[in-house]
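Novice: curious how this folds, go ahead:
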Amino acid sequence: MEKKLKITLVKSYITRPQKQRQVLRGMGLGKLNRSVVLKDTPEIRGMIRKVSHLVSMEELEGNKV
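Specialist: Presented below is the predicted three-dimensional model:
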């Protein structure tokens, strides 16, 4: 089964560096308290690491979406 990650924007990205804003937009996060479900890949994990202070993450199994 393919793992998925549920990522939620929990802090505002106003006043954050441009690179962090681009990472959030790249993941599809634009508004506060919105969530996206993405595949668990090394690229996505790296993006989460860059903005870990702004997002929360939970792992989902393949059927839970």
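
Novice: please make it C-alpha for all contacts and neighbour counts, starting now.
Specialist: Will do.

Novice: do a quick rundown of the strands in this structure.
Specialist: For the chain, the strands defined by DSSP state E occupy 4-9, 35-39, 55-60.

Novice: out of these, which is the most enclosed?
Specialist: Comparing those by mean neighbour count (mean count of other C-alpha atoms under 10 Å), strand 4-9 comes out on top with a mean of 20.

Novice: does anything pack onto that one? Which helices or strands?
Specialist: Under the contact definition 3 or more C-alpha pairs under 8 Å, 6 or more residues apart in numbering; DSSP states H and E, strand 4-9 sits against strand 35-39, strand 55-60.

Novice: my guess is Met57 meets Lys4, correct?
Specialist: No: checked against C-alpha atoms under 8 Å, the pair Met57 and Lys4 is beyond contact range at 10.3 Å.

Novice: just checking, Met1 touches Leu60?
Specialist: No: using C-alpha under 8 Å, Met1 is not in contact with Leu60, being 10.5 Å away.

Novice: poorly predicted segments of this protein, please.
Specialist: Low-confidence segments of the chain, defined by pLDDT under 70: 62-65.

Novice: of the helices and strands packed on strand 4-9, give the one that comes closest to Gly28.
Specialist: Closest to Gly28 of the helices and strands packed on strand 4-9 is strand 35-39 (C-alpha to C-alpha; 6.9 Å).
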